[in-house]
Every structure is written in structure tokens, then in C-alpha cells.
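In: Coordinates only, no sequence provided:
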């Protein structure tokens with residue numbers, strides 16, 4: 001089969017081209033197409049990251065070995081229908097969605113490409129670029145198939161790639177997925193010696209353990225953010241604009257005097273924006 005010749009009138013391969021040569025040519029064409037898609041994605045995502053940073057919305061990137069169930073978990077968390085398939089590179093464009101936590105805080109979730117070993121040399125640099133979303137995230141959800149025979153090996157492989165793209169020091173929360181396929185495994189949170197959660201056991205398919213996962217996410221961001229109820233006069237439109245730029249707006253109501261009552265969730269480093277306004281902390 002591999003050495004069978006092809007060619008003749010109307011055939012693109014040309015006279016004397018073997019099946020192996022034709023296959024190689026098609027692979028090269030496919031790789032050029034992938035690189036083209038990646039270049040377009042990189043430009044779009046760069047602009048998106050700039051806007052999200054300005055709004056101070058925390059970003060969480062889902063990373064993990066291919067087929068660990070990242071897209072299924074992503075779909076369940078945000079209620080969308082992102083393409084989930086049991087194949088390599090099913091998620092090439094790191095899809096972004098807002099995820100609202102039970103306390104009304106919001107996160108930006110990014111579903112990245114599945115990690116594999118021995119990625120073709122020609123695609124290594126390009127795929128690292130798509131993982132830029134992970135390297136600039138506030139938190140990494142490291143999704144792991146808890147039933148995989150090579151589970152520890154895949155964890156090591158993913159962490160190796162994260163080191164290569166400059167994301168090795170970003171805080172991780174392991175999510176051990178597919179507990180529905182295991183016997184006697186229930187949803188739970190694992191804590192380290194300091195009482196800090198580092199792993200949550202869930203089933204994305206059956207949506208088991210999601211309450212635990214969301215509770216952990218709330219706790220992680222509660223330590224760096226604070227919720228305030230602000231009362232602005234009609235002359236403080238500039239302050240209102242700054243709040244929209246540097247905080248997450250939970251609610252914004254017009255007052256009879258022409259001012260505003262705004263509930264914000266703001267990074268503690270930006271509390272200086274509130275020094276000249278009437279505000280109170282909300283539990």
C-alpha cells in the first residue's frame with residue numbers, strides 16, 4: 001500500500017508519486033493549515049487578555065492530558081456545549097466563558113488544548129502559543145483522569161509543559177475526574193499539611209462533586225478580593241468609570257438624586273479607589 005504509485009491525468013500527486021509520499025504531502029498541508037489557525041487565534045486571544053486584565057476578572061485555565069475530560073468539565077461548569085471529543089487537538093482554540101460562582105462572583109474559564117507526548121517538532125512552538133492563556137491565568141485547574149493507568153506520568157508530563165511555557169509557578173488545583181468509573185470513590189476535597197485544598201474528586205459527566213469544587217474556588221478568591229456597596233454622587237461619574245475598569249460590578253442602580261448605588265467585588269490592591277466615596281463592606 002505504502003509504495004503503491006499514483007498519478008496520471010487529473011491527479012494532483014503527479015506521475016510516480018507513491019502512496020507514502022502522498023500521505024506525507026497531505027500531512028504537511030494539514031500542518032500548515034493548523035499553523036495558520038494558530039496564528040489567527042494567538043492575535044485574537046492577545047487582545048482578549050488585555051481587556052480581561054483591565055476588568056480585573058480572575059481567570060482560570062483548565063489544563064490536562066488529552067482525554068482527561070477537560071471540555072466535559074468546562075461544559076458542565078458554564079452550561080455551554082463546547083465540542084468534546086475523544087481525539088487529539090479536539091480543542092484547539094482555547095474557548096473562554098464566564099463562570100458565575102454561588103456567591104455571584106465571576107471567573108473567566110479557559111479550556112485549552114489537550115497535552116500529549118511527542119508533539120511533532122513543527123508544531124511545538126505554535127501549540128505553546130495557544131497555551132499562553134494558561135501562562136497568564138490566576139489559577140490552573142489541572143484535570144486528571146483518576147482511572148488512567150499512567151495517571152502519575154501524565155501529571156508529570158503536563159507539569160513539564162507548564163514549566164516550559166512559564167506557568168510552573170501558577171497555583172494549581174488538581175481535579176481528579178471520572179470518579180463515576182471507579183468503585184467506592186466519592187466526591188471529596190484533599191487538603192495539604194497546612195489545611196489548604198489541593199485536589200477535588202469529581203465526575204464531570206455525572207456532575208458529582210461540583211458543589212465541592214465551586215466551594216474551593218470561592219475560598220481561593222475570597223482571600224484576595226472584597227465586596228463593597230458604594231454610594232456615588234452625581235459628580236462622581238469618573239469614580240464610577242474607574243470601578244468599572246478595575247473591579248467586577250455585581251449590581252448598579254440609579255438613585256433618585258442622580259447618583260448610583262453600586263455593589264462591586266474588588267481586588268484589595270485597588271481599595272484606594274474607594275477612599276473618597278461612601279461605602280460599606282458586604283459579608
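Out: Right, received. Where do you want to start? As the structure is a computational prediction, the values presented were derived from the model and not from experiment.

In: Helices of the chain, start to end?
Out: In the chain, helices defined by DSSP state H lie at 19-55, 70-78, 121-130, 132-135, 151-164, 210-222, 237-246, listed in chain order.

In: Go through those helices and find the least confident stretch.
Out: Mean pLDDT is lowest for helix 121-130 among the helices of the chain, at a mean of 56.

In: Pull up the gap between residue 273 and residue 230, please.
Out: According to CB to CB, to the nearest Å, residue 273 and residue 230 sit 9 Å apart. Just so you know, the C-beta spots here come from the backbone N, C-alpha and C atoms, and that holds for glycine as well.

In: before we move on, what about residue 162?
Out: Going from residue 162 to residue 230 by CB to CB gives 38 Å.

In: now do residue 249
Out: Distance from residue 249 to residue 230, by CB to CB: 10 Å.

In: With neighbour numbers in mind, choose between the two.
Out: Remark: of residue 249 and residue 230, residue 230 carries more neighbours, 23 against 15, as counted by other CB atoms under 10 Å.

In: for the more buried one, what are its contacts?
Out: When contacts are counted by CB atoms under 8 Å, 6 or more residues apart in numbering, residue 230 touches 243, 260, 261, 262, 263, 264, 274, 277, 278, 279.

In: contacting residues for the closest residue to residue 170 other than its chain neighbours?
Out: Setting aside the residues directly before and after it, residue 170 is nearest to residue 140 in space (CB to CB, 6 or more residues apart in numbering), at 5.3 Å. Residue 140 is in contact with 60, 61, 62, 63, 134, 162, 167, 170, 171, 172, 173, counting by CB under 8 Å, 6+ apart.

In: please redo it, this time with the cut-off set to 7 Å
Out: Applying CB atoms under 7 Å, 6 or more residues apart in numbering, we find residue 140 in contact with 61, 63, 134, 167, 170, 172.

In: thought the fourth one was touching residue 138?
Out: No: no contact is recorded between residue 167 and residue 138 when judged using CB atoms under 7 Å, the distance being 11.2 Å.

In: Which one of the two is surrounded by more residues?
Out: Between residue 167 and residue 138, counted using other CB under 10 Å, residue 167 has the larger neighbour count: 21 against 16.

In: Excluding sequence neighbours, find me the nearest residue to that one.
Out: Using CB to CB, 6+ apart and skipping residues adjacent in sequence, the residue nearest residue 167 is residue 135, 4.2 Å away.

In: what about that neighbour, how many neighbours?
Out: Number of residues near residue 135 (other CB under 10 Å) recorded here: 17.

In: Could you do residue 112 as well?
Out: Per other CB under 10 Å, the neighbour tally for residue 112 reads 25.

In: any idea how far it is from residue 161?
Out: For residue 112, the distance to residue 161 equals 10 Å [CB to CB].

In: The spatially closest residue to residue 233 that is not a sequence neighbour: what's it in contact with?
Out: Nearest in space to residue 233, with sequence neighbours left out and distances taken as CB to CB, 6+ apart, is residue 259 at 4.8 Å. Going by CB under 7 Å, 6+ apart, residue 259 touches 231, 232, 233, 234.

In: Who wins on neighbours among those residues?
Out: Comparing those by number of neighbours (other CB under 10 Å), residue 232 comes first, having 22 neighbours.

In: does that residue have beta-bridge partners, and which?
Out: residue 260 (DSSP bridges).

In: what about residue 68, neighbour count?
Out: Neighbour number of residue 68 under other CB under 10 Å is 28.

In: which one of the contacts of residue 140 is nearest residue 148?
Out: Closest approach to residue 148 among the contacts of residue 140 (CB to CB): residue 63, at 15.3 Å.

In: pretty sure the closest one contacts residue 139?
Out: No: look at residue 63 against residue 139 with CB under 7 Å: they stay out of range, at 10.6 Å.
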